[in-house]
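>>> Next input, structure requested:
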Amino acid sequence: MNHYLCADGRGLYLAMVQEAVEWERLTQAVGRPELAKDPRFKELALRRANAPALVAILDEVFATKPLEFWRAELDRHTVTFGIIARIEDLPDCPQLAANGIFRPVEGDGVRAGLRTVDSPIQLDGAAKGPARRAPALGEDGRAILESLGYDSARIDSLVRDGVLRV
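Presented below is the predicted three-dimensional model:
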């Protein structure tokens, strides 16, 4: 297991939990089949003992091509790996979309295509309410104070005195 930087600055990590099976496939995927027979790396214990040298080799190899190239090669050779996500990748992540992580924001947000992260809380028999934009500063102040029993004259004086913004 280790992370590597690709030529385009994107990162990936190898997570070969079945290394005995995947080792030779990795050497094929990275175009270095001779590593499978290299006496320093022939067996798991030797790879562990010589890990710094192996990591240095793989650092150089992965740095030669962009992430999409390595993604295709590692997939083609069925090597277990992961992509190191960037925050800007998240809105278009197929896995997050498939799990319903993002919800559209109702109201003005629908027209703008706004989405928000859904709440992770789910209660049996209770539907989630719609996702709405947060109110602007003071937008709901009058209604909140009215619900607490304030009359219009008192609310108007609070606005006039700068205590409440509406």
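>>> which residues sit against whatever helix or strand Gly82 lives in?
Per DSSP states H and E: Gly82 is located in strand 81-84. Residues from elsewhere that reach strand 81-84 (Cβ atoms under 8 Å, 6 or more residues apart in numbering): His3, Arg10, Gly11, Leu12, Tyr13, Leu14, Ala15, Met16, Leu67, Trp70, Arg71, Leu74. Where C-beta positions appear, they are placed from N, C-alpha and C, glycine not excepted.
>>> Check which element follows the helix or strand of the chain with the lowest mean pLDDT along the chain.
Within the chain, no helix or strand scores below helix 108-112, which has a mean of 64 by mean pLDDT, DSSP states H and E. In the C-terminal direction, the helix or strand that comes right after helix 108-112 (DSSP H and E) is strand 115-117.
>>> Name the residues of that next one that come out as buried.
Burial within strand 115-117, assessed by neighbour count using 16 or more other Cβ atoms under 10 Å, is assigned to Arg115.
>>> do the same with stretch 2-18
By neighbour count on 16+ other Cβ under 10 Å, the buried set for stretch 2-18 is Tyr4, Cys6, Arg10, Gly11, Leu12, Leu14, Met16.
>>> Lowest-confidence one in the contacts of strand 81-84?
Minimum pLDDT for the contacts of strand 81-84 is recorded at Met16 (86).
>>> Near the residue nearest to that one when sequence neighbours are not counted, how many other residues are there?
Nearest-residue entry for Met16: Glu22, 4.4 Å, with adjacent residues in sequence omitted and distances by Cβ to Cβ, 6 or more residues apart in numbering. The tally of other residues near Glu22 (other Cβ atoms under 10 Å) stands at 20.
>>> Which element, helix or strand, includes Glu22?
Going by DSSP H and E, Glu22 is part of helix 19-29.
>>> Give the next helix or strand downstream of that helix.
helix 44-49.
>>> any idea of the mean pLDDT for that following helix?
On average, helix 44-49 scores 94.
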